[in-house]
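Undergrad: Sequence plus predicted model, see below.
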Amino acid sequence: QVQLVESGGGLVQAGGSLRLSCAASGRTFSSYTMGWFRQAPGKEREFVARISWSGFSITYADSVKGRFTISRDNAKRTVYLQMNSLKPEDTAVYYCAAPAGTYSLVGLAPYEYIYWGQGTQVTVSS
């Protein structure tokens with residue numbers, strides 16, 4: 001069982017930066033691939049970034065590549081999403097998520113993840 005709590009969202013002007021954090025419970029955090037997703041009003045939840053359990057594999061959505069950086073600190077059981085050069089179209093609720101299995105490099109679809117945080121709102125003004 002994994003419980004996830006996101007923080008760090010807020011209101012920022014276009015071009016600004018935010019860093020999201022996702023704190024996890026459970027001793028096995030270091031064995032889970034972790035993902036960040038987002039959902040804008042009226043849109044489906046979409047993949048943002050994924051990091052493997054030891055950080056050897058990192059994947060980004062094309063829309064955030066070069067602007068966002070995912071990282072993790074297994075000692076702190078926390079995964080981060082550094083967001084730079086934010087755009088109004090980045091406005092959404094951001095969620096971190098974990099799959100059912102450990103040591104599993106799952107894909108990029110939301111249905112492949114079963115543990116979800118409550119989300120944190122990111123609003124980028126133009």
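TA: Looks like it came in fine.
Undergrad: Need the nearest residue in space to the residue nearest to the spatial centre of the chain, chain neighbours excluded.
TA: Nearest to the geometric centre of the chain sits Trp36, at 2.1 Å (CA atoms, centre = their mean). Nearest residue to Trp36, sequence neighbours excluded (CB to CB, 6 or more residues apart in numbering): Val48, at 4.3 Å. Heads up, the C-betas are built off the backbone N, CA and C, glycines and all.
Undergrad: Am I right that Ser30 is in contact with Trp53?
TA: Yes: at 6.2 Å, Ser30 counts as touching Trp53 under the criterion of CB atoms under 8 Å.
Undergrad: More neighbours: those two, which one.
TA: Remark: of Ser30 and Trp53, Trp53 carries more neighbours, 20 against 15, as counted by other CB atoms under 10 Å.
Undergrad: State the distance from the spatially closest residue to that one that is not a sequence neighbour to Lys43.
TA: Nearest residue to Trp53, sequence neighbours excluded (CB to CB, 6+ apart): Ser31, at 5.1 Å. Applying CB to CB, to the nearest Å, the value for Ser31 to Lys43 is 32 Å.
Undergrad: Please apply the same query to Pro88.
TA: 14 Å.
Undergrad: Overlap of the contact sets of the two?
TA: With contacts taken as CB atoms under 8 Å, 6 or more residues apart in numbering, Pro88 and Lys43 have no neighbour in common.
Undergrad: number of nearby residues for Ser126?
TA: Ser126: 9 neighbours (other CB under 10 Å).
Undergrad: before we move on, back to that, for the residue nearest to the centre of the chain, what are its contacts?
TA: Applying CB under 8 Å, 6+ apart, the residues near Trp36 are 20, 22, 48-50, 70, 79, 81, 94-97.
Undergrad: So what are the sheet partners of the helix or strand where it lies and their directions?
TA: In the assignment (DSSP states H and E), Trp36 maps to strand 34-39. Strand 34-39 sits in its sheet next to strand 46-51 (antiparallel), strand 92-99 (antiparallel), going by DSSP bridges.
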